[in-house]
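> Give the three-dimensional model of this entry:
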Amino acid sequence: MRIMTLPCDGIGPEIMAATLHVLQATSEKCGLDLQFEEEASGFASLKRHGITLREEVLDRARTEFDGIILGTQSHMDYPPVAEGGRNVSAGFRVGLDLYANVRPARSRPFLASKAPGMDLVIMREATEGFYSDRNMFKGIGEMMPDPDMALSVRKITRKGSERICRESFKLAMQRRKKVSAIHKANCFHMTDGLFLECFWDVAKEFPDVETETVIVDAMAALLVRQPETYDVVVATNFYGDILSDLASELSGSLGLAGSINANADTGLCCAQAQHGSAPDIEGQNIANPTSLILSAAMMLSWLGEHRARRDLMDAGRMISEAVDQVLDDPAKRTRDVGGQVNTDDFGRLVADAVEAV
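Model (predicted):
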């Protein structure tokens, strides 16, 4: 299997190196023959090619590779799009139509958390919504008619809503058979109204799944009050982005949460850490690589499920269990979760745990 890697910005190269160490150990353990090829993105690509993400990189990812691992990006520091500052994450999600951003949030009994008992997955639609860099065929969905007025356009489509809802119900059938749809239809009558219409239409295909709808601001409170009651949560782009960060932090830390972007129809999948590029600790070898490691594990499991390959599913599970085994020992944790272990050492510890299985 060929995997494209894009370290990108900030701590991206450091957590990528730790992740690849784990994947190489897993490949040897499970006989996967994983092969990795690095492509420049972010500031490295801007310096070399004049743009943060080239179209040829997307073309290669689409046609030549089985999976993608995307490092962290410093979007806010990029130059304007006209000067080459393309949003790398959005480029992959829209360019490869990776509409399903899958973000689990799970508390661990051996780690302190503000939401014990949380074990949910937020299914976030990732190609439209309020995100102005991806909701137009040409141009962007923000504009300033005059210096004192800024407008933003939100795009919600039937296709986008139906397919993220359908993937959510499919996932719920493998879990605890409950899906919660997040909305603000009391204000956004047409856009969230369309999303809910699609949700209820798709729900008819899955009569065994319990359903509910929750207003987004109420959901923020309920995640704190009763996190254990949720299973699969489906949301449009903006709501899902905010709630998934909240859920991950409540369950232990944003640095412990994996994430993939996927398309069940094309079979494409991209692993991507939930957190940002943390430029303040760049190059210090102290970043927590857990999120990207778990994202890579999710990618292997997803590819295994969609290709009917038990070895890939087993490999993903093995990495996840190895991460928990390492985190269970306070002396083996990184600084952000109370330990003193460096980035590269944490990767080696997880790789050793995989090899010891």
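
> any idea which helix or strand carries Phe36?
Using DSSP states H and E, Phe36 falls within strand 35-38.

> which of the residues in the following helix or strand past that strand are buried?
Sequence order places helix 42-49 as the next helix or strand after strand 35-38, per DSSP H and E. Using 16 or more other Cβ atoms under 10 Å as the test for burial, helix 42-49 gives Gly42, Phe43, Ala44, Ser45, Leu46. (C-beta placed from N, C-alpha, C; glycine too.)

> ditto for stretch 27-39
In stretch 27-39, counting by 16+ other Cβ under 10 Å, buried: Ser27, Lys29, Cys30, Leu32, Leu34, Phe36, Glu39.

> The fourth one touches Met1, doesn't it?
Yes - in this structure Leu32 lies within contact range of Met1 using Cβ atoms under 8 Å: 6.3 Å.

> can you confirm Ala185 is in a strand?
No - under DSSP: H, G, I helix; E, B strand; the rest coil, Ala185 falls outside any strand and is assigned coil.

> Tell me, how many residues neighbour the nearest residue to it once chain neighbours are set aside?
Sequence neighbours aside, Asp192 is the residue nearest to Ala185 in space, at 4.0 Å (criterion: Cβ to Cβ, 6 or more residues apart in numbering). When neighbours are counted by other Cβ atoms under 10 Å, Asp192 registers 24.

> Can you report how many residues lie near the nearest residue to Asn87 once chain neighbours are set aside?
Excluding its sequence neighbours, the residue lying closest to Asn87 (Cβ to Cβ, 6+ apart) is Asp133, at 4.9 Å. Residues contacting Asp133 under the criterion other Cβ under 10 Å number 17.

> where's Asp133, which helix or strand?
Assigned by DSSP H and E, Asp133 falls outside every helix and strand.

> Check the one 5 residues further on too.
Element membership of Lys138 [criterion: DSSP H and E] is none; it lies in no helix or strand.

> What's the local residue count around it?
For Lys138, using other Cβ under 10 Å, the count is 4.

> Tell me the confidence at the spatially most central residue of the chain?
Using Cα atoms, centre = their mean, the residue of the chain that lies closest to the mean C-alpha position is Ser259, 2.8 Å off. In this model, Ser259 is scored at 97, pLDDT.

> how close does Asp59 sit to Val202?
32 Å (Cβ to Cβ, to the nearest Å).

> of the two, who's got more company?
When Asp59 and Val202 are compared for neighbours, Val202 comes out ahead with 24 against 12, by other Cβ under 10 Å.

> Now do that one, the pLDDT please.
At Val202, pLDDT is 98.

> check contacts around Glu197.
Residues near Glu197 by Cβ atoms under 8 Å, 6 or more residues apart in numbering: Ser161.

> How many neighbouring residues does Glu212 have?
11.

> secondary structure element for Ala172?
helix 158-174.

> For the protein, which segments count as helices?
Ranges of helices within the chain are 12-30, 42-49, 55-64, 88-95, 158-174, 191-203, 216-225, 237-250, 290-306, 310-327, 343-356, based on DSSP state H.

> Quick check: which of the ones you listed is buried the most?
Ranked by mean neighbour count under mean count of other Cβ atoms under 10 Å, the helices of the chain are led by helix 290-306, which reaches a mean of 25.

> what two of the buried residues of stretch 27-39 are the furthest from one another?
In terms of Cβ to Cβ, those reach their longest pairwise distance at Lys29 and Glu39, which sit 26.3 Å apart.

> what about the nearest residue to Phe110 once chain neighbours are set aside, distance to Gly339?
Nearest residue to Phe110, sequence neighbours excluded (Cβ to Cβ, 6+ apart): Asp328, at 4.8 Å. Distance, Asp328 to Gly339, using Cβ to Cβ: 12 Å.

> Name the residue in these two with the higher neighbour count.
Gly339 (18 against 13).

> dump the residue contacts of the more buried one.
So Gly339 contacts Pro330, Ala331, Lys332, Arg333 (Cβ under 8 Å, 6+ apart).

> which phi and psi does it have?
For Gly339, the backbone dihedrals are phi -110, psi -160 (criterion: degrees, to the nearest 10).

> How much space separates it from Leu246?
24 Å.

> Lys155 now?
Lys155 sits 24 Å away from Leu246, going by Cβ to Cβ.

> And for Ala273?
17 Å.

> Kindly report the same for Ala264.
On the measure of Cβ to Cβ, Ala264 and Leu246 end up 26 Å apart.

> Mind listing the residues bridging to the residue sitting furthest away from the middle of the chain?
The outermost residue of the chain relative to its centre, with distances by Cα atoms, centre = their mean, is Asp146 at 36.3 Å. Taking DSSP bridges as the rule, Asp146 bridges to Met149.

> Could you check the pLDDT of it?
Listed pLDDT for Asp146 reads 96.

> Next: Ser277.
95.

> Now it: closest residue in space that isn't a chain neighbour?
Per Cβ to Cβ, 6+ apart, closest to Ser277 is Gly10, 2.8 Å.

> list the contacts for that neighbour?
Thr72, Gln73, Ser74, Gly276, Ser277, Ala278, Pro279, Glu282 are the contacts of Gly10 under Cβ under 8 Å, 6+ apart.

> Now the two most distant members of the residues you listed.
Every pair of the contacts of Gly10 checked by Cβ to Cβ; the farthest is Gln73 and Glu282, at 12.6 Å.

> between these two, who's got more neighbours?
Gln73 (26 against 17).

> What residues does the closest residue to Tyr99 other than its chain neighbours make contact with?
Sequence neighbours aside, Thr127 is the residue nearest to Tyr99 in space, at 4.8 Å (criterion: Cβ to Cβ, 6+ apart). Thr127 makes contact with Arg93, Val94, Asp97, Leu98, Tyr99, Arg134, Gly160, Asn237, according to Cβ under 8 Å, 6+ apart.
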